[in-house]
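**Student:** Generate coordinates for the sequence data below:
(chains A and B)
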Amino acid sequence: MDMALQSVPVPGVARDREQRNRTLRRFRIGDRTFRILTQGSAIAVLVLLAGVMLSLVHGSLPAWKAFGLDFFTSQSWNPVTEKFGAAPAIYGTLLTSFLAMLIGVPVSLGIAIFLTEICPERLRRPIGIAVELLAGIPSIIYGIWGLFVFAPWFQVHVQPLLIDAFANIPILNQLFAGPPYGIGMLTAGLILAIMVLPFITSITREVFETVPPVLKEAAYGIGCTRWEVMRRVVIPYTRVGIVGGVMLGLGRALGETMAVTFVIGNAHRIVTSILAPGTTISATIANEFTEAVGDLYTSSLVALGLILFFITFIVLAAARLMLMRIEKKAGS
Amino acid sequence: MVVAKADGRYAGRQRRNFIATALSIGAAGFGLAWLFLILTVLVIKGVGGLNLAVFTEMTPPPGGTGGLLNAIVGSLILTILAVLFGTPLGILAGTYMAEYGRYSKLTTLVRFINDILLSAPSIVVGLFVYEIMVAQMGHFSAWAGAVALAMIVIPVVVRTTEDMLLLVPNTLREASTALGLPRSLVIRHVAYRAARAGMITGVLLAVARITGETAPLLFTALNNQFFSWNLNAPMSSLPVVIFQFALSPYEDWQQLAWTGALLITVTVLGLSILARSLASKKVPL
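**Tutor:** Numbers count the residues shown, from 1 in each chain, chains lettered A, B, ... in the order given. Have a look, this model is predicted:
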């Protein structure tokens, strides 16, 4: 019995060792493959961005060759004579986003202050989620709602009032001039403002929470009112973060496509009235790309896309850099 | 005299505080009012057209009646393909950032670029896919649409995967390493399991995000009036059909657009509420 047991294990040990070596080797290969796979995927994200840039540059080359820098300043957009200029679209993009920020930023800050300081604890989560749901509603829904519900109401009830109210004030009567169309720059700006609310609110709430409670308590302790604590302590402390959040919202507004396409009116011209129809870069591409015939037309639209990508890239990069700064501040 | 002045100043401060508080509450009311308004209108206009035909019949020719079957199925196919393409890449990249290269320069750079991709205009993604796929193949196709949507899935999944893996306590990794597990198995069997709920949240958020996406599909998957399983041909999708039908002069088409809009919104909001209830941490917008 003893002898039998001793004679058997010897080849068994060798087999065990061999098996273990094989397993370890498999582990090593598996480890290395997995690591290479994950690292490759991380690099692929960078390649994607580079690919987007390169393909847009490549696709827009004919337009740059044909128009050069005039592309930025020319106001003509004529598929028949094949003369294209980006000025109206760039102007529309910047103006609608500016209007959106003008309305959206104060409201977002208000909501963020409400949610961090005023709202009863129990209601914070549901109201916070409700505001974030605004970000969940797809852009095309804002578009069809804007065109069929908001624009007609705006045309009848608000725009005539604006036109009348500013009719005798110089400069302002230029901005609020012309017949009330319903659709147009201001309508697009308003809808964009609603769309960027959740983004700015969410970031602002987050940065408000990075303020050390002891700072606020000290301010309350010397008798500050809630508004003074916000105005003198919380907002100065989080300024970089707030600006980052605003820039993030701006990046969204600049690139927003479908909602704007419905309500902007698609007019390739620059007029002073913000009630007039106009166009934006994204709306032009969405409306015309599939119908564009000829290389130069397509290429001009791609060039518009490149300009949009460039603008949003800078805005979003600045936003992220600012948010990274406040994160570091909160971490240290 | 001095007391009266101080009292006056105090009253002024109180008044300013009151005004600011009122404005903040007003702002919150303003934001919620839009949500309420949009959802109410959607339900009122959408429910009227909701019947069995919407789910069983094809999109009608101009002026005719029909349903949205081909668009619904097309959206499902495109979404599933996009998730299949985008999720593995996103999870692997997020894994590298949280597990292997947590403090490396590559991770910092990828995180930065990924956050930009997260909010980059989706229409530009459409242009990119048009350039690399549609223009090369010479025709629009469901494949191109799926790739365009996958490009929107990737940054969402990368971000949530990294965030969720960073929340896994290091002691778990150390304990399993001490038992002799190699690194890749620690990640796959321990870290992934601990972060599973969060990673599923990421995928759900990505699906919610692409369900309503229209812009990248306009010139990749285009549209198709008929039912099609062919991934090499144009395919219809709900958002693109809504876009086309809403801007048409036909009443039946407009009604279908509202019904489709209601379907999409209910799906998207349902998904994002589900994702939020699964997540332990705040989710990225």
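**Student:** Can you check the pLDDT for the closest residue to chain A within the stretch 151-285 of chain B?
**Tutor:** Taking CB to the nearest CB as the measure, the stretch 151-285 of chain B has B:Gly212 as its residue closest to chain A, at 2.2 Å. Any C-beta I mention is one placed from the backbone N, CA and C, and that applies to glycine too. We have a pLDDT of 91 for B:Gly212.
**Student:** for A:His58, same thing?
**Tutor:** 95.
**Student:** how close does it get to A:Gly178?
**Tutor:** Relative to A:Gly178, A:His58 is positioned 41 Å away (CB to CB, to the nearest Å).
**Student:** same thing with A:Leu123?
**Tutor:** The gap separating A:Leu123 from A:Gly178 is 43 Å, by CB to CB.
**Student:** Listing request: residues of chain A with sub-threshold pLDDT.
**Tutor:** Counting by pLDDT under 70, the ranges of chain A that qualify are A:1-11, A:331-332.
**Student:** OK, contacts around residue 92?
**Tutor:** Chain wasn't specified; assuming chain A. By CB atoms under 8 Å, 6 or more residues apart in numbering or on different chains, the contact set of A:Gly92 is A:Met185, A:Ile264, A:Gly278, A:Thr279, A:Thr280, A:Ile281, A:Ala283.
**Student:** wait, I meant chain B there
**Tutor:** A:Leu37, A:Thr38, A:Gly40, A:Ser41, A:Ala42.
**Student:** do that again at 10 Å, thanks
**Tutor:** Counting by CB atoms under 10 Å, 6 or more residues apart in numbering or on different chains, B:Leu92 touches A:Phe34, A:Leu37, A:Thr38, A:Gln39, A:Gly40, A:Ser41, A:Ala42, A:Ala44, B:Val157, B:Val158, B:Thr161.
**Student:** Of the residues you listed, keep whichever come out buried.
**Tutor:** Buried members of these, scored by 16 or more other CB atoms under 10 Å in any protein chain shown, are A:Phe34, A:Leu37, A:Thr38, A:Gln39, A:Ser41, A:Ala42, A:Ala44, B:Val157, B:Val158, B:Thr161.
**Student:** Mind checking which of those land in helices?
**Tutor:** A:Phe34, A:Leu37, A:Thr38, A:Gln39, A:Ser41, A:Ala42, A:Ala44, B:Val157, B:Val158, B:Thr161 (DSSP state H).
**Student:** give me the number of residues near the closest residue to chain B within the stretch 151-300 of chain A?
**Tutor:** Closest contact between the stretch 151-300 of chain A and chain B, by CB to the nearest CB, is at A:Gly255 (2.5 Å). Using other CB atoms under 10 Å in any protein chain shown, A:Gly255 is surrounded by 26 other residues.
**Student:** now swap in B:His139 and tell me
**Tutor:** Counted with other CB under 10 Å, B:His139 comes out at 12.
**Student:** three-state assignment of it?
**Tutor:** At B:His139 the chain is in coil, as set by DSSP: H, G, I helix; E, B strand; the rest coil.
**Student:** Now the phi/psi pair for it, please.
**Tutor:** Backbone geometry at B:His139, expressed as degrees, to the nearest 10, gives phi -150, psi 160.
**Student:** ditto for the one 10 residues further on
**Tutor:** As for B:Leu149, its main-chain torsions (degrees, to the nearest 10) stand at phi -70, psi -40.
**Student:** residues in contact with the nearest residue to it once chain neighbours are set aside?
**Tutor:** Computed as CB to CB, 6 or more residues apart in numbering or on different chains, the closest residue to B:Leu149 that is not its neighbour in sequence is B:Ala82, at 3.4 Å. The neighbours of B:Ala82, taking CB under 10 Å, 6+ apart as the test, are B:145-154, B:206-207, B:210, B:213, B:216.
**Student:** check which helix or strand covers the residue nearest the centre of chain A.
**Tutor:** Nearest residue to the geometric centre of chain A (CA atoms, centre = their mean): A:Arg252, 2.1 Å. Following DSSP states H and E, one finds A:Arg252 within helix A:239-255.
**Student:** Also A:Thr312?
**Tutor:** Per DSSP H and E: A:Thr312 is located in helix A:295-331.
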